[in-house]
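[1] Next come a sequence and a model predicted from it.
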Amino acid sequence: MNQKRFAVGDKLGPLIKPPVTKTQLVMYSGASGDFNPIHTVDEFAKEVGLGGVIAHGMLTMAFVGQMLTDATGTPGALKQFRVRFREMVRPGDVIVCEGVVTDVRDEDGVQWVSCDVSATVQQDGRVAVTGHAVFTA
Amino acid sequence: MSLETFEPFVGRSSSPVRNEVEKGAIRKFADAIGDPNPLYRDGTGADGRVVAPPTFSRTFDYGKIPDLPLPKAGLIHGEQQFEYFRPIYAGDVLYCSSKLIEVHEKSGRLGSMIFLVFENTAVDDSGDLVVRERLTAIYREQGGVA
């Protein structure tokens, strides 16, 4: 069991992911079933005004999910997880996932932890997603 | 397409679709997101089963809401929420459906945007809720993504 305890202000992460690659976007398309060509076909993405392929929002959310499960350790500890998608992520972007604990409460020896989470692009500081999560510890 | 196009569909659901959670699908998903966690591969968890990562349920087939006209282009993913009731394991058989719960319109500097909010649920063999998702899709008439 994970007996780690959290306090308001505790930091989660940072989880610094390797640069997003076009191969990764193809892999994520296959693994997720989201075959929208804006994620895989440069010509198509340019045609619709994106300038080139962009990452799936859900890929960035999955990175933040990894940071959360690294922090919680135990399957089933994560209770709620939500994000808003803000800026587009492109191949070459290095995504940094971070969190900060905003609230803790104890219930029958179980700690319920609320935190704000975000994913930013390391090269230019653009905020790709912001969100919130609740987990038990 | 306008707000009136979508409004009659609020409250309507898809028929539940049977989804089998495969061990290999979990591993491929974990590989794609670059998460080396052994829980997604060897089932080294407390009960030895392979667990799915927190966003894995987005890969399920939730069915289609009958006759709901969804534009092929111009839809962007605005927000995503998950509420977890238990972990998803390889071998689970889950019945997944989608319901349009809200539509509204906002005008911004890029013109009018229509927000479609879907609630997706995955229920197990015993009828227990496993995960509830809320997905906000934003539709912009002009197409293209700024």
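    Sure thing, it's come through. Residues are numbered from 1 along each chain as shown, chains lettered A, B, ... in the order given.

[2] Any buried residues in stretch B:62-78, and which?
    B:Y62, B:G63, B:I65, B:L68, B:G74, B:L75, B:I76, B:H77, B:G78 (16 or more other C-beta atoms under 10 Å in any protein chain shown). In this view, the C-beta of every residue, glycine as well, is placed from N, C-alpha and C.

[3] can you tell me how far B:E105 sits from B:K99?
    Remark: distance between B:E105 and B:K99 (C-beta to C-beta, to the nearest Å) = 20 Å.

[4] More neighbours: which of the two?
    Neighbours per residue, other C-beta atoms under 10 Å in any protein chain shown: of B:E105 and B:K99, the larger number sits with B:K99, 17 against 13.

[5] Confirm for me that the more buried one is in contact with B:V10.
    No. Look at B:K99 against B:V10 with C-beta atoms under 8 Å: they stay out of range, at 9.0 Å.

[6] contacting residues around the nearest residue to A:I38 once chain neighbours are set aside?
    Spatial nearest neighbour of A:I38, chain neighbours left out: A:A45 (4.9 Å); criterion: C-beta to C-beta, 6 or more residues apart in numbering or on different chains. Applying C-beta atoms under 8 Å, 6 or more residues apart in numbering or on different chains to A:A45 gives the contacts A:P37, A:I38, A:H39, A:G51, A:G52, A:V53, A:I54.

[7] Now with 10 Å, please.
    Listed by C-beta atoms under 10 Å, 6 or more residues apart in numbering or on different chains, the contact partners of A:A45 are A:N36, A:P37, A:I38, A:H39, A:G51, A:G52, A:V53, A:I54, A:R90, B:V145.

[8] What subset of those is buried?
    Buried among those by 16+ other C-beta under 10 Å: A:N36, A:I38, A:H39, A:V53, A:I54, A:R90, B:V145.

[9] would CSV of these with distance to A:C115 be doable?
    Converted to CSV, the buried ones among the contacts of A:A45 look like this (distance: C-beta to C-beta, whole Å):
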residue, distance to A:C115
A:N36, 30
A:I38, 31
A:H39, 29
A:V53, 31
A:I54, 27
A:R90, 27
B:V145, 30
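
[10] Now the two most distant members of those residues.
    Largest separation among the buried ones among the contacts of A:A45 by C-beta to C-beta: A:N36 and A:R90, giving 15.1 Å.

[11] my guess is A:V64 is in a helix, correct?
    Yes. With DSSP: H, G, I helix; E, B strand; the rest coil as the criterion, A:V64 is part of a helix.

[12] wait, doesn't it sit right on A:V89?
    No. At 11.9 Å, A:V64 does not count as touching A:V89 under the criterion of C-beta atoms under 10 Å.

[13] what do these two both touch?
    Common contacts of A:V64 and A:V89 (C-beta under 10 Å, 6+ apart): A:I95, A:A119, A:A128, A:V129.
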